[in-house]
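**Q** next comes the sequence, and after it the predicted model I'd like to discuss.
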Amino acid sequence: MTVSVSRVSLVTGGAGFIGFNLCKRLLLQGDHVICVDDMTSGMPQHVDELRRHENFRFLHHDICEPLSLKVDRIFNLACPASPPAYQADPIKTALTSVLGVRNMLELALANDARLLHTSTSEVYGVPLEHPQRESYNGNVKTMGPRACYDEGKRCAETLLHDYHRVRGADVRVVRIFNPYGPGMRADDGRVVSNFVVQALAGEDLTVYGDGSYTRSFCYVDDLVDGILLLMELDGEHPQPVNLGNPHEIAINELAELVLAMTGSRSRIVHLANAVDDPKVRCPDISRATTLLGWRPRVDIADGLRPTIDHFGRAMTAAVETVPEFA
């Protein structure tokens, strides 16, 4: 009798927004999942929910330190991704993208395991090409409040490429554009979470600049689909792949949509421009479409509905758990 053995998938940053959603999908498809997170921006409630599954294991660990495990494949998502989170400790952010990725590459080689790394649209910086193709080298500052994340991710891609070229590591890279959906933190600091939380709380929606800047928002389920398709693809595929929604929306338009969908009477207020904030951000997804047959399926309105519900439940739970004092 042959007994099938489930794969062991390691997800670093698995207690974060995308990592949590990825862990849930991997468990549903039968993997044994090891989540590694130092809880810098991970959420304890994510870990609590995932622990209900018998095939889930959590390790509180910083990947800047080496790790020894038996795994079949590695999804490296460890690194705060929202500006407030990665700017809170910029040195740690840069080191996570360099030392952490080096350690995960060494772990992959020790296990003969495939490593998929989540990079970011931020590697394009303030783009002079629109939309952005993977071949575009970017326009990124080496100094400034965003550089720890932007340049850290760029260096990580260099390490991945060189480990593949020199040492034969089996690597995959996705460049993620503006993800959103259930599982985000209320204090995440990105525009979708900011607007939804502000609207539900009856607070002003804060727009940086004149609101004409555009973003291309990708619902988390679509993103997880793309990540898994690339991880499962046969052959060698070390070149980066953009994963995002090519439909752009202006920040003012997003604010109006959130107000309409929440029924909020909040106002929209404009603040000074954020430092080094790109005016446009839109992926060319030709490579993902050709290589993976992948395109996002969820439009912004359909994705906002469950996102609003998620934050509504979280805010209600937070109110209910506040202790009463006589």
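**A** The structure has been received and is ready for your questions. Residues are numbered from 1 along each chain as shown.
**Q** how about the helices in the stretch 101-250 of the chain?
**A** For the stretch 101-250 of the chain, helices defined by DSSP state H, counting those that start in this stretch occupy the ranges 101-111, 147-167, 191-201, 220-232.
**Q** pull out the buried positions in the first one.
**A** By that I understand helix 101-111. 101, 102, 103, 104, 105, 106, 107, 108, 111 (16 or more other CB atoms under 10 Å). For every residue, glycine as well, the C-beta is placed using N, CA and C.
**Q** so which elements touch that helix?
**A** Helices and strands in packing contact with helix 101-111 are listed as strand 73-76, strand 114-120, helix 147-167; criterion 3 or more CB pairs under 8 Å, 6 or more residues apart in numbering; DSSP states H and E.
**Q** deepest of the ones you listed, which one?
**A** strand 73-76 (a mean of 27; mean count of other CB atoms under 10 Å).
**Q** run me through the strand neighbours of that one, direction for each.
**A** According to DSSP bridges, strand 73-76 forms sheet pairs with strand 8-12 (parallel), strand 114-120 (parallel).
**Q** redo those as TSV? Include mean pLDDT and distance to residue 197.
**A** What follows is the strands paired with strand 73-76, written out as TSV (pLDDT from 0 to 100; distance: least, CB to CB, whole Å):
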stretch	mean pLDDT	distance to residue 197
strand 8-12	98	26
strand 114-120	98	23
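**Q** okay if I get these as a markdown table plus distance to residue 190?
**A** Shown next, in a markdown table, are these (distance: least, CB to CB, whole Å):
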| stretch | distance to residue 190 |
| --- | --- |
| strand 8-12 | 20 |
| strand 114-120 | 12 |
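**Q** how about the ones you listed, which one is nearest residue 308?
**A** Closest to residue 308 of the strands paired with strand 73-76, according to CB to CB: strand 114-120, at 24.9 Å.
**Q** which residues touch that closest one?
**A** Residues from elsewhere that reach strand 114-120 (CB atoms under 8 Å, 6 or more residues apart in numbering): 18, 73-77, 81, 101, 104-105, 108, 149-150, 153, 156-157, 160, 169-176, 227, 230-231, 240.
**Q** and if you look at stretch 175-183?
**A** The contact list for stretch 175-183 (CB under 8 Å, 6+ apart) reads 17-18, 20-21, 43, 46, 118-121, 123, 134, 190, 192-193, 215-221, 223, 240-245, 281-283, 303, 306-307, 309-310.
**Q** 7 Å instead?
**A** The contact list for stretch 175-183 (CB atoms under 7 Å, 6 or more residues apart in numbering) reads 17-18, 20-21, 46, 118-121, 123, 134, 192, 215-221, 223, 240-244, 281, 283, 303, 306-307, 310.
**Q** do the same with stretch 131-145
**A** 87, 121, 123-129, 147, 150-151, 154, 175, 239-242, 246, 275-276, 282-284, 287.
**Q** what distance separates that stretch from the middle of the whole chain?
**A** How far stretch 131-145 lies from its chain's middle: 18 Å, per CA atoms, centre = their mean, to the nearest Å.
**Q** begin at 46 from now on, thanks
**A** Fine by me, first position is 46 from now on; the one you just mentioned is stretch 176-190.
**Q** what average pLDDT does that stretch get?
**A** For stretch 176-190, mean pLDDT rounds to 93.
**Q** cool, stretch 302-313 as well?
**A** Rounded mean pLDDT across stretch 302-313 is 97.
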